[in-house]
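1. need a 3D model of the following:
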Amino acid sequence: MNNDDVIGVLNDLVETSKDGEYGFTSCAEHAKSPELKSFFTARAGECRRGAEELQAQVALLGGKPDTSGTAAGAVHRGWVAVRGVLSGYDDHSMLEECERGEDVAVTKYRAALEKPLPPDLRAIVERQLQGAQRNHNEVKALRDRFPRKA
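-> Below is the predicted model:
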C-alpha cells in the first residue's frame, strides 16, 4: 500500500470511531437507566480516544486527519433519535441501535485488517477492533438484560 492508501484506511476508521462517539453520546443523552448512561458515556470516550489515536497516525504520515463521522453515521444517529421519539427513548431500543452501530464498526475494522497495513498501524487497528468487538458484546449483553417496554 502506498502512503495515501494507508491514510485513506486510517481516515475511514477515524470516521467510524467518530460515528461511535456520536452514537454512544446520543444514546447516553436519552437512556433512562443510570447504568446505561454511564456505560454509553464511557464508550463514547473510548471511541473519541480511538479516533484521536488514528488522527495522530494520519498526521504522522503527512495526511490531513478526518475530524467528523460519516454521512451514514449521521443518518444512523438520526434514526436513533427518530426511533427514540417513537418508542419514548426505551433503553432496549437504544441498545438495539448501539448494537447495529457496533456491527458496522466491527465490519469496518475487519475490512481494514484485510489491507496490507504497516505492522505498527496493524497493531493499533487490531487493538481497536478488539475494543469494538468488546463494545458489541457488552451492548448485546445489556440489551438482553434491559427488556423492551410494553
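
2. what's near enough to touch the nearest residue to residue 113 once chain neighbours are set aside?
-> Once flanking residues are discounted, residue 113 sits nearest to residue 125: 5.8 Å by CB to CB, 6 or more residues apart in numbering. Placement of C-beta: from N, CA and C, glycine included. Residue 125 makes contact with 13, 109, 112, 113, 117, according to CB atoms under 8 Å, 6 or more residues apart in numbering.

3. rerun that using 10 Å as the cut-off
-> By CB atoms under 10 Å, 6 or more residues apart in numbering, the contact set of residue 125 is 9, 10, 13, 50, 54, 57, 109, 110, 112, 113, 115, 117.

4. what's the closest of those to residue 21?
-> Nearest to residue 21 among these is residue 50, at 8.4 Å by CB to CB.

5. mind checking the SS state of the closest one?
-> helix (DSSP: H, G, I helix; E, B strand; the rest coil).

6. just to check, it is in contact with residue 15?
-> No: between residue 50 and residue 15 there is no contact under CB atoms under 10 Å: 11.5 Å.

7. residue 64: what secondary structure?
-> With three-state DSSP as the basis, the three-state label of residue 64 is coil.

8. which intervals of the chain have sub-threshold pLDDT?
-> For the chain, residues meeting the criterion pLDDT under 70 lie at 68-89, 150.

9. tell me which residue lies nearest the centroid of it.
-> Centroid-nearest residue in the chain, with CA atoms, centre = their mean: residue 20, separated by 2.5 Å.

10. my read: that residue touches residue 51, true?
-> Yes: using CB under 10 Å, residue 20 is in contact with residue 51, at 8.3 Å.

11. any idea how many residues pack against residue 15?
-> Using other CB atoms under 10 Å, residue 15 has 21 other residues around it.

12. secondary structure element holding it?
-> helix 3-30 (DSSP states H and E).

13. and that helix, what does it pack against?
-> Counting contacts by 3 or more CB pairs under 10 Å, 6 or more residues apart in numbering; DSSP states H and E, helix 3-30 is packed against helix 34-60, helix 71-87, helix 91-113, helix 119-145.

14. highest average neighbour count across those helices?
-> Using mean count of other CB atoms under 10 Å, the stretch among the helices and strands packed on helix 3-30 with the largest mean neighbour count is helix 91-113, at a mean of 20.

15. now that one - C-alpha only, CSV.
-> Extracted C-alpha coordinates of helix 91-113, given in CSV (Å, rounded to 0.1, in the frame of the first residue of the first chain):
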residue,chain,number,x,y,z
ASP,A,91,-33.4,1.7,26.8
HIS,A,92,-33.8,-1.6,25.0
SER,A,93,-34.3,0.3,21.7
MET,A,94,-31.2,2.4,22.3
LEU,A,95,-29.2,-0.7,22.9
GLU,A,96,-30.5,-2.3,19.7
GLU,A,97,-29.3,0.8,17.8
CYS,A,98,-25.9,0.7,19.5
GLU,A,99,-25.6,-3.0,18.6
ARG,A,100,-26.3,-2.1,15.0
GLY,A,101,-23.7,0.6,15.1
GLU,A,102,-21.1,-1.7,16.6
ASP,A,103,-21.8,-4.3,13.9
VAL,A,104,-20.8,-1.7,11.4
ALA,A,105,-17.7,-0.7,13.3
VAL,A,106,-16.5,-4.4,13.6
THR,A,107,-17.1,-4.9,9.9
LYS,A,108,-15.1,-1.7,9.0
TYR,A,109,-12.2,-2.7,11.3
ARG,A,110,-12.1,-6.2,9.8
ALA,A,111,-12.1,-4.8,6.3
ALA,A,112,-9.2,-2.5,7.3
LEU,A,113,-7.2,-5.5,8.5
